[in-house]
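> Sequence and computational prediction follow.
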Amino acid sequence: MISNKKKWFALIALVAIVSLLLAACQCGEKPPAEETPESGDMGDTGDMGDKVYKVGVFEDATSVNFWAANGPDNTVWNSYMLPPRLAMYGLSDKRFDFVPQVATDLPDPLTQEGDMWVVEVPMQEDVKWSDGTAFTAEDVAFTANAVLELGLISGNWSSWYDANYLDHVEASDTYVVKYVYHTKPGLARHEYGTLQAPILSKAFWEGAVADAMAPIEALGANPSEEDLLAAQGEGHDILFAAPSDGEPLAGSFLFTKWEQGAFIEDPANPDYFNSGVMVTMYSDGTYKEEPGITLYGEGTGDVEVQYKVGPNVVKTVYSIYSSQDAAILALQDGEVDAILHPLGLQRGLQERVQGDPNLTVLENPTNGFRYLSFNCRRAPMSDLAFRQAVAILIDKEFVTQTILQGVAFPLYSFIPEANEAWYFDDVPKLGLHEDGTGMTREERINEAVKLLEDAGYSWEGDVKPTWDADGGFVSAGGDLILPDGDPVPELNLWAPAAGYDPLRSTFAIWIESWLNEAGIPVKAHLAGFNVLVPLIFTEQDFDMYILGWSLSVFPSYMRDFWHSEQAVTDGNNAGGYINPEFDALSENLMTCTSFEECKNITDQLQIMLSTEVPYVVLFDTGIIEPYRSASVEYPYTQVLSGLQYMHQGGGTLQAEVNVK
C-alpha cells in the first residue's frame with residue numbers, strides 16, 4: 001500500500017507524467033520492438049578506463065561562480081557545463097517525478113507552528129563534499145539563509161529561495177533540515193522551489209557571504225528601502241565576483257579546468273553517493289531505486305526505463321564550436337559524442353547527418369518558446385495599443401510556413417502545447433481571425449492603423465500607411481507621431497545573429513520591415529548570445545528584443561517572468577512590465593495546492609498576458625538532436641525538450657550515459 005503522503009505526491013507527479021509520456025511518444029525514433037525498456041539496462045560498465053564523454057556546445061560559460069552563473073549571468077550554457085549541485089529533492093529523468101535526492105523520503109505536509117508553517121526533512125548521512133567533509137543540514141541552512149539575507153532575486157534565485165514565503169531554514173539536527181515559512185507556500189514555491197534548490201558548501205562560501213553582507217550590516221537597524229536595495233546591490237557584486245577556485249562539490253561531477261573560449265572539463269566524482277543505484281520506472285507510475293525507495297506504485301506495470309547511475313566516464317569535456325557546421329564535422333569525425341543546443345540542430349543541416357551510420361538523429365517535442373519583448377519603461381512600448389499593433393503586424397504564419405518552410409510553428413499561448421497538462425488554447429490571438437486563420441497583409445495594416453489612431457497616434461504629414469490593392473503592397477505613409485505630438489524615435493530591436501539562430505534573426509528582419517511599412521522606425525541589430533544577455537538583463541538598454549526560454553514543467557515562470565518584483569536590474573522581467581492585477585493573480589500561483597486550482601490560475605494569467613502583450617510569443621520548433629550512437633548509449637532518447645534538457649542544471653544524463 002502507498003501511504004497518504006505518497007498518494008499526495010503521486011498526484012503531484014501525475015501532472016507531469018501523463019502529459020510527458022503522451023508527448024514523448026508522438027515523435028522521435030522508436031526503439032526496436034524487442035527492446036524493453038527503451039534502451040535496456042546499461043548494466044555493469046566495468047572499469048571506466050579512459051572513457052570520456054565529449055560534448056559540443058556553442059557559447060562559453062559566463063561565470064564559474066555558481067551564485068553569479070545562476071543570477072545575472074544565468075544562461076543555458078552555464079546550466080549545461082557547470083557541474084551539478086545537490087538538492088534535497090529533484091525530478092526523475094524522462095518522467096519528471098518528484099523524488100528525493102539528498103532527503104531520505106518524501107516530505108511530510110507543512111504544519112502550522114505559531115505564525116509559521118514548518119516541515120522537518122531528514123537527510124542521508126553518507127553524502128560527502130569532495131574535500132572529504134560531511135554534507136549536512138548546516139550547508140542547507142547556510143545556502144538558503146544567505147540568499148534570503150542578501151536579497152538575491154536575479155536569475156533562478158528567487159524561484160529557489162523566495163523571501164515572499166520562506167522565512168529561514170534551520171539545522172534542527174546534523175542531518176535534519178527544518179524549513180520555516182512565514183506565509184504558507186503552494187506547490188510552486190515549496191515542492192517545486194525550495195525543496196529542489198541547490199545546496200552550496202558553508203565552509204567554503206561563508207567568508208565570501210560575510211564580505212557580501214558587510215554593506216548591509218553597516219546600515220544598522222531599520223534602514224530605508226532605498227539604502228537597503230543599494231547595499232544589497234553592492235553585496236551582490238561582491239559575492240558574484242568572489243573566486244570559486246577549489247570549491248568542494250558533492251554531485252556526480254567535479255570541476256577542474258576552464259580554458260575560456262575553448263573548453264570546460266568536469267571530472268567524475270569518484271565518491272558520488274548515488275553511484276551504482278539502479279533506477280527503474282514502471283508504466284503504473286512506480287519509481288524505484290535499488291537500494292533505496294519505491295514511490296508512487298507497486299512496480300506492477302511494464303518496465304519503461306531502467307539504468308544504473310554512474311558516472312560511467314572519467315570526465316565530461318565541453319568543447320566550444322563557432323557554428324553548427326563545425327560541430328557537425330566534429331561529430332562525424334568522432335571528436336564529440338553529442339551536441340547540446342537549446343534550439344537543437346538546424347533543419348537544413350539534418351541531411352548531412354541523416355545517412356551517417358555512426359550517428360542517430362532524434363526529434364522530440366519542446367517545452368519552450370521564442371518571443372519578442374518590449375521595454376515597457378519607454379514610449380511607445382509602454383502603450384498597450386502600440387504593443388497590440390506590433391503583435392498584429394507580425395505575421396507568424398507567413399514566416400514559419402512560407403519563409404522557414406514549416407521548420408517552425410507559430411505560438412500564441414504562454415504555455416506550449418507540448419506541456420499538455422498545463423496547455424490552454426483559448427487565449428486572445430492578435431493577428432488571427434476567430435476561425436484561426438491568419439489576417440492578410442491588408443487586414444493587418446488596416447487593423448494596426450485603426451488601433452493606433454484610436455489611441456491618439458498620427459503620421460507625419462497626416463499620411464498614414466495604406467494598402468495598395470493594385471500593387472499588392474503597403475503604401476508607406478509618414479513616420480509615426482506619438483499622441484503628445486513628438487515623433488517616434490528610431491527604435492532598436494535586438495536579436496541573435498544568424499550564426500546562432502537563423503530563425504530568430506529571420507523574424508527580426510521581417511519585423512523590422514513590417515514595422516517600418518507602418519511608419520514605426522525600427523532597426524534590427526543582430527548580435528552574439530553572450531552580448532545580448534547583459535545588454536538586456538543587466539543594462540536593460542533596449543526598445544525590443546527577441547530571445548527564448550526553456551521552460552519548467554510546473555509553470556511557476558508565469559509569475560517570475562512578469563511580476564513587478566522581477567522588474568529590476570538582473571531580474572527576469574527585463575521589459576519592466578508592471579500590472580498590479582497580474583501581480584496579485586500570479587502570487588496565487590505560488591500558494592495553490594492542487595492541480596485544478598493552479599491550472600485555473602495559469603489559464604487566467606495567459607489570457608491577461610495575451611491581451612496586455614508584454615511579450616509577443618512568436619514560435620517554436622520540435623528539437624532535432626544528432627548524437628554519435630556508434631560511441632555512446634543513453635538510457636532513453638524520447639523526452640520532452642530532448643536530451644539537451646536532461647543535461648541542464650548540471651543534469652543527470654551525464655551520469656548515466658555509457659561510452660562504448
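Arrived safely.
> for the stretch 501-650 of the chain, what spans make up the strands?
522-527, 544-550, 615-620, 623-627, 632-633 (DSSP state E, counting those that start in this stretch).
> How about the stretch 51-200 of the chain?
Under DSSP E, counting those that start in this stretch, the stretch 51-200 of the chain gives strands at 52-57, 89-91, 98-100, 111-113, 116-122, 166-173, 176-181.
> buried ones in the fourth one?
Put plainly, it is strand 111-113. Of the residues in strand 111-113, none count as buried by neighbour count, 16 or more other CB atoms under 10 Å. (C-beta placed from N, C-alpha, C; glycine too.)
> Sheet partners, orientation included, of it?
Strand 111-113 pairs in its sheet with strand 116-122 (antiparallel), by DSSP bridges.
> quick one, the partner strand and strand 176-181 angle?
160 degrees (axes from the mean of the first three to the mean of the last three CA atoms, to 10 degrees).
> Go ahead and report the secondary structure state at the residue of the chain positioned farthest from its centre.
Going by CA atoms, centre = their mean, the residue of the chain most distant from its centre is Asp470, 47.3 Å out. Assigned with DSSP: H, G, I helix; E, B strand; the rest coil, Asp470 falls in the coil class.
> Tabulate the strands of the stretch 51-200 of the chain (TSV), appending mean pLDDT.
Converted to TSV, the strands of the stretch 51-200 of the chain look like this (pLDDT from 0 to 100):
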stretch	mean pLDDT
strand 52-57	97
strand 89-91	95
strand 98-100	96
strand 111-113	97
strand 116-122	98
strand 166-173	98
strand 176-181	98
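> right, so of these, which gets closest to Asp237?
Closest approach to Asp237 among the strands of the stretch 51-200 of the chain (CB to CB): strand 166-173, 23.6 Å.
> Touching the closest one from outside, list them.
With contacts defined as CB atoms under 8 Å, 6 or more residues apart in numbering, strand 166-173 is touched by 116, 120, 136-138, 140-141, 144-145, 148, 177-182, 185, 189, 194.
> how many neighbours does the closest residue in space to Glu247 that isn't next to it in sequence have?
Nearest non-adjacent residue to Glu247, counting by CB to CB, 6 or more residues apart in numbering: Phe204, 5.3 Å away. The number of residues packed near Phe204 is 17, by other CB atoms under 10 Å.
> Format the CA atom coordinates belonging to whichever strand or helix holds Phe204 as CSV.
Using DSSP states H and E, Phe204 sits within helix 202-217. What follows is helix 202-217 as a C-alpha-only set of coordinates in CSV (Å, rounded to 0.1, in the frame of the first residue of the first chain):
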residue,chain,number,x,y,z
LYS,A,202,29.1,26.5,4.1
ALA,A,203,32.7,26.0,4.9
PHE,A,204,33.9,27.3,1.5
TRP,A,205,31.4,30.1,0.9
GLU,A,206,30.7,31.6,4.4
GLY,A,207,33.7,34.0,4.1
ALA,A,208,32.5,35.4,0.8
VAL,A,209,29.0,35.7,2.1
ALA,A,210,30.2,37.6,5.1
ASP,A,211,32.0,40.0,2.9
ALA,A,212,28.9,40.5,0.8
MET,A,213,26.8,41.1,3.9
ALA,A,214,29.1,43.8,5.2
PRO,A,215,27.5,46.7,3.3
ILE,A,216,24.0,45.6,4.5
GLU,A,217,25.1,45.2,8.1
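> Which positions within that helix qualify as buried?
For helix 202-217, using 16+ other CB under 10 Å, the buried residues are Lys202, Phe204, Trp205, Ala208, Val209, Ala212, Met213, Pro215, Ile216.
> ditto for stretch 460-470
Lys464, Pro465, Trp467.
> need those in TSV with pLDDT and secondary structure, can you?
Shown next, in TSV, are the buried residues of stretch 460-470 (pLDDT from 0 to 100; DSSP: H, G, I helix; E, B strand; the rest coil):
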residue	pLDDT	secondary structure
Lys464	95	coil
Pro465	96	coil
Trp467	95	strand
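> now, among the residues you listed, which is nearest to Tyr80?
Pro465 (44.7 Å).
> from what I can see that closest one touches Asn516, true?
No: if you go by CB atoms under 8 Å, Pro465 and Asn516 don't touch, sitting 9.7 Å apart.
> Identify the contacts common to these two.
Common contacts of Pro465 and Asn516 (CB under 8 Å, 6+ apart): Ala476.
> one step back: measure the residue nearest to Glu247 to Ser130 for me?
In this view, Phe204 and Ser130 are 10 Å apart by CB to CB, to the nearest Å.
> and for the two, which residues touch both?
Residues touching both Phe204 and Ser130 (CB under 8 Å, 6+ apart): Pro248.
> thinking again about what came up before, helices or strands up against the helix holding Phe204?
Under the contact criterion of 3 or more CB pairs under 8 Å, 6 or more residues apart in numbering; DSSP states H and E, helix 202-217 touches helix 137-150, helix 225-240.
> which of these is buried the deepest?
Of all the helices and strands packed on helix 202-217, helix 137-150 carries the top mean neighbour count, a mean of 22, counting by mean count of other CB atoms under 10 Å.
> okay, that helix in CSV with CA atoms only?
The C-alpha trace of helix 137-150 is given here as CSV (Å, rounded to 0.1, in the frame of the first residue of the first chain):
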residue,chain,number,x,y,z
ALA,A,137,21.9,20.3,7.3
GLU,A,138,24.2,23.2,8.2
ASP,A,139,25.0,23.5,4.4
VAL,A,140,21.4,23.5,3.5
ALA,A,141,20.5,26.2,6.1
PHE,A,142,23.5,28.3,5.2
THR,A,143,22.7,28.4,1.4
ALA,A,144,19.0,29.3,2.0
ASN,A,145,19.7,31.9,4.6
ALA,A,146,22.5,33.6,2.6
VAL,A,147,20.1,34.0,-0.3
LEU,A,148,17.4,35.5,1.9
GLU,A,149,19.7,37.8,3.9
LEU,A,150,21.4,39.1,0.7
